[in-house]
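Visitor: Here is my input, please return the structure:
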Amino acid sequence: MGTERVFVARLVGLAVFGPDGERIGKVRDLVVSLRVDTSPPRVLGVVVEMVTRRRIFVPMLRVTTVDPGAVTLATGSVSLRGFVQRPRETLVVGQLLDAPVHLVESGEAMVVTDAAIEPTRSRDWVVAGLAVRARRHGLARRGGVQVVAWSAVTGLTLSDRQGTAGLLAVFETMRPTDVAAALAELPDKRQHEVIDALDDERLADVFEEMSESDQRGLLSHLDAERAADVLEAMSPDDAADLLGELPDADAEALLALMEPEESAPVRRLLTYSSDTAGGLMTPEPVVLRPDGTVAEALARIRNPDIPPALASMVFVCRPPTQTPTGRYLGCVHAQRLLREAPFELVAGVVDTELARLHPDTTLGEITRYFAAYNLVAGPVVDGEDHLLGAVTVDDVLDHLLPTDWRDSVNDDWPEPGGVNAARPEPGTTEVTDA
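Guide: Okay, the predicted model is just below:
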């Protein structure tokens, strides 16, 4: 991709060409996504100024070559939508250069004078180095410039540059699992400020994606009343997993503060071993009566609040349809529903032959069950044919992975959604002879 290390200040003003030599415009800035931790931020793309003075965004994945004389794109088709900076984004020239920082080793106050970007093996570009010099005081001479690694300075992480309100705005654009990983990297004080500001529903979603140690630590910060409210907002199986990690007295105190209809399914789950179908299941599967229609079933699984794995299957039971249900009749796979007329009754398309899981079925047996039947969800039925809940593949994976797997999310995973996730492009326009 041309030069292996490029200093951003030298890119500003360079011509941007398409693959056939057509001029698109010139570089005005680079857009990066700062991290909560000290990992080098990824370069999302280039701000290009066209002849008309309109500034547009070009994703970094469309850049094929960065040379001292020009930047070349893989395509001449670019989005003509005007560039608008988003909450998770930072401009290198406009916001990072001249930013005050401190050297980690010495604590010396410095100023950023330039940033060096480098390509990675995964075709991403990252800000790998910074050119810094000592801050001047009064009439003192300027110090010499030195190039250091991104991690060698403090003051440029997302939590450093944004207050709690800014972090909350950024977190609003992120998935709960990414918010959980980001929170784990924050200092305790900032963590507490963020969770105090999140509403109960959002905090519950984030709690469900945290490691057990992080859950316990942050739960202890909440007062008992709010902790109970958050547990009510969590899915019962996740709430049961969390309470199962607490001393019995603490767990019982929180259960007593929860609304009875919210605590009842959690109490039932706590009676099972955590490595059995009863302990892994969610007691809130999609349940229909046999006189329900295919249209009703499809409407239920379209609910965006239902996890994809759980929406893959509708369970048909006689009343009552709340777990534990009346007599379990069978299940209907989502694909089968799509092939049937909307007015058909689910009783006519129900699969009565699929094997059922017992609440005491072990984790190993559940794993073989999913592999044998190519499923992502399975019914848990007791000896009296009552549907108790459903086990989903994500619950199984959560228990098969090492207990600390969530702690390594930031290290092993790519940037959420990929390098250009912050800027989906709804349409592009061919630009020639700009």
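
Visitor: Mind listing what's buried along stretch 378-394?
Guide: 378-381, 386-393 (16 or more other C-beta atoms under 10 Å). Every residue, glycine included, has its C-beta placed from N, CA and C.

Visitor: cool, stretch 156-167 as well?
Guide: Within stretch 156-167, the residues that count as buried by 16+ other C-beta under 10 Å are 156-159, 162, 164, 167.

Visitor: what's the lowest-pLDDT member of the residues you listed?
Guide: Among the buried residues of stretch 156-167, residue 162 carries the weakest pLDDT, at 69.

Visitor: which stretches of this structure have low pLDDT?
Guide: Scanning the chain for pLDDT under 70 picks out 1-3, 136-143, 161-162, 404-434.

Visitor: which two in the buried residues of stretch 378-394 are spaced the farthest apart?
Guide: 386 and 393 (23.1 Å; C-beta to C-beta).

Visitor: What strand or helix carries residue 316?
Guide: Here residue 316, judged by DSSP states H and E, is contained in strand 313-317.

Visitor: Report all helices and strands that that strand contacts.
Guide: strand 287-288, helix 294-301, strand 328-333, helix 334-339, strand 377-381, strand 387-392 (3 or more C-beta pairs under 8 Å, 6 or more residues apart in numbering; DSSP states H and E).

Visitor: those helices in the stretch 201-350 of the chain, which residues are they?
Guide: Using DSSP state H, counting those that start in this stretch, the helices of the stretch 201-350 of the chain run over 212-221, 224-233, 236-244, 248-257, 260-270, 277-280, 294-301, 334-339.

Visitor: Touching the longest one from outside, list them.
Guide: The reference is to helix 260-270. For helix 260-270, the external contacting residues (C-beta atoms under 8 Å, 6 or more residues apart in numbering) are 231-232, 236-237, 239-240, 243-244, 251, 255-256, 258, 278-279, 281, 283-284, 323, 388.

Visitor: are any of these buried, and which?
Guide: The buried subset of these - by 16+ other C-beta under 10 Å - is 231-232, 236-237, 239-240, 243-244, 251, 255, 258, 278-279, 281, 283-284, 323, 388.

Visitor: give the contact list for residue 222.
Guide: Contacts of residue 222 were listed using C-beta under 8 Å, 6+ apart, and they are 195, 230.

Visitor: change it to 10 Å
Guide: 192, 195-196, 200, 203, 207, 228-231 (C-beta atoms under 10 Å, 6 or more residues apart in numbering).

Visitor: Would you reformat the residues you listed as a markdown table and include distance to residue 268?
Guide: Below are those laid out as a markdown table (distance: C-beta to C-beta, whole Å):
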| residue | distance to residue 268 |
| --- | --- |
| 192 | 33 |
| 195 | 28 |
| 196 | 32 |
| 200 | 23 |
| 203 | 24 |
| 207 | 20 |
| 228 | 18 |
| 229 | 20 |
| 230 | 20 |
| 231 | 15 |
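
Visitor: From these, pick the one nearest residue 14.
Guide: residue 195 (44.3 Å).

Visitor: ok, how many other residues are close to that closest one?
Guide: Look at residue 195: counted by other C-beta atoms under 10 Å, it has 19 neighbours.

Visitor: I'd like to know how far it sits from residue 188.
Guide: 11 Å (C-beta to C-beta, to the nearest Å).

Visitor: Overlap of the contact sets of these two?
Guide: Residues touching both residue 195 and residue 188 (C-beta under 10 Å, 6+ apart): 218, 221.
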